[in-house]
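*Asks:* This is a predicted model, with the sequence first.
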Amino acid sequence: MKARTTPNASVEKTGNGYMLKIPAGDSSSYRFAQMDDYFGLPRRNFPHRSLTLSLRARTSSLFLPGTWGFGAWNDPFGMSLGFGGNRFRLPTLPNAVWFFGASKENHLSFSDKPAQGFLAQTFHSPKFHPLLIPAGIALPFAPKMTRRLLRKVISEDSSALDVDITQWHSYKLEWMESGAKWFVDGSLVFESPVSPNPPLGLVIWIDNQFASFAPDGKIGFGVLENPEPAWLEIDDLALSDRQS
């Protein structure tokens, strides 16, 4: 896994894990600390087609501004035009399965699923769909229509989790071709038949950004103030690819 950060953010090795930390700051700049195993790869070469991920984690606050979490995704918003030795890569539709923390400014759902707080969440999207063309054209002018079109293309599922994230808990995610299961402290807390479209990469992160596709049609993106430093600490990280 590689660590990536913005200036003054850090990924620090601890006794049996890592501390991912972003500094305090206003809403004028993006701050993130991340570990992943896909940096520099084209999406078709992301490492995982299924996996079991387990770790222990805690955060600095119950109400972190921005997003944080751990799981697997296709880095759908990551874009590169091929300069500086990077591979050419355009944004795409989301495929993800993860434990996901989202502040109140976020609404990462295209249907009526839970979209804020601490979530067990999964998205399945095709590589391409004919409805993407009208959705892209409609986005600046008719966001409600765009949201309705995306609901026809993207399958999703999520559940809000009642967990004190500031305390150490054990988390396990099992992603299979037939669906996914989420466990907290050894207990099954959510199960879904929605399985993301592989391949995906492992990601563990904390940042101060938000994205919102609200039911009223308002679409918003940006960064948030975090008056205090914010951190995500993990340990006992274990990862294995599994048979579906």
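*Replies:* Great, that's in hand. Residues are numbered from 1 along each chain as shown.
*Asks:* what lines up beside the longest strand seen in the chain in the sheet?
*Replies:* Identified as the longest strand of the chain according to DSSP state E is strand 230-240. Strand 230-240 pairs in its sheet with strand 17-22 (antiparallel), strand 51-59 (antiparallel), by DSSP bridges.
*Asks:* now that strand: mean pLDDT?
*Replies:* The pLDDT scores in strand 230-240 average 97.
*Asks:* let's number from 17 now, not from 1
*Replies:* That works, and once the first residue is 17, the last one we named lands at strand 246-256.
*Asks:* tell me which helix or strand of this protein sits lowest on mean pLDDT?
*Replies:* Ranked by mean pLDDT, DSSP states H and E, the weakest helix or strand in the chain is strand 96-97, scoring a mean of 36.
*Asks:* got any ranges where this structure has weak pLDDT?
*Replies:* 94-106, 144-164, 259-260 (pLDDT under 70).
*Asks:* in it, which spans are helices?
*Replies:* 148-154, 159-169 (DSSP state H).
*Asks:* List the buried residues in stretch 253-260.
*Replies:* Within stretch 253-260, the residues that count as buried by 16 or more other CB atoms under 10 Å are L253, L255. No exception for glycine: its C-beta is placed from N, CA and C like everyone else's.
*Asks:* Pairing partners for F226 in the sheet, please.
*Replies:* Under the criterion used (DSSP bridges), F226 bridges to G238.
*Asks:* right, and it touches L80 too?
*Replies:* No - with contact defined as CB atoms under 8 Å, F226 does not count as touching L80 (11.2 Å).
*Asks:* Contacts made by stretch 222-242 with the rest, please.
*Replies:* 36-38, 40-50, 75, 80-84, 118-119, 121-126, 128, 155, 159-160, 162-163, 166, 246-248 (CB atoms under 8 Å, 6 or more residues apart in numbering).
*Asks:* end to end, how far does that stretch reach?
*Replies:* One end of stretch 222-242 to the other measures 12 Å (CA to CA, to the nearest Å).
*Asks:* Not counting residues beside it along the chain, what's closest to P214?
*Replies:* R65 (4.0 Å; CB to CB, 6 or more residues apart in numbering).
*Asks:* pretty sure that neighbour contacts P215?
*Replies:* Yes - counting by CB under 8 Å, P215 is a contact partner of R65 at 5.4 Å.
*Asks:* ok, and the closest non-adjacent residue to G217?
*Replies:* When the adjacent residues along the chain are set aside, G217 lies closest to Y54, with 2.9 Å between them (CB to CB, 6+ apart).
*Asks:* swap in R74?
*Replies:* W184 is the one closest to R74 (CB to CB, 6+ apart), at 5.0 Å.
*Asks:* W114: which of the strands paired with strand 246-256 is closest?
*Replies:* Across the strands paired with strand 246-256, W114 has its closest neighbour in strand 67-75 (8.8 Å, CB to CB).
*Asks:* Pull the residues that contact the closest one.
*Replies:* By CB under 8 Å, 6+ apart, the list of residues contacting strand 67-75 reads 33, 84, 86-88, 117, 181-191, 218, 222, 246-258.
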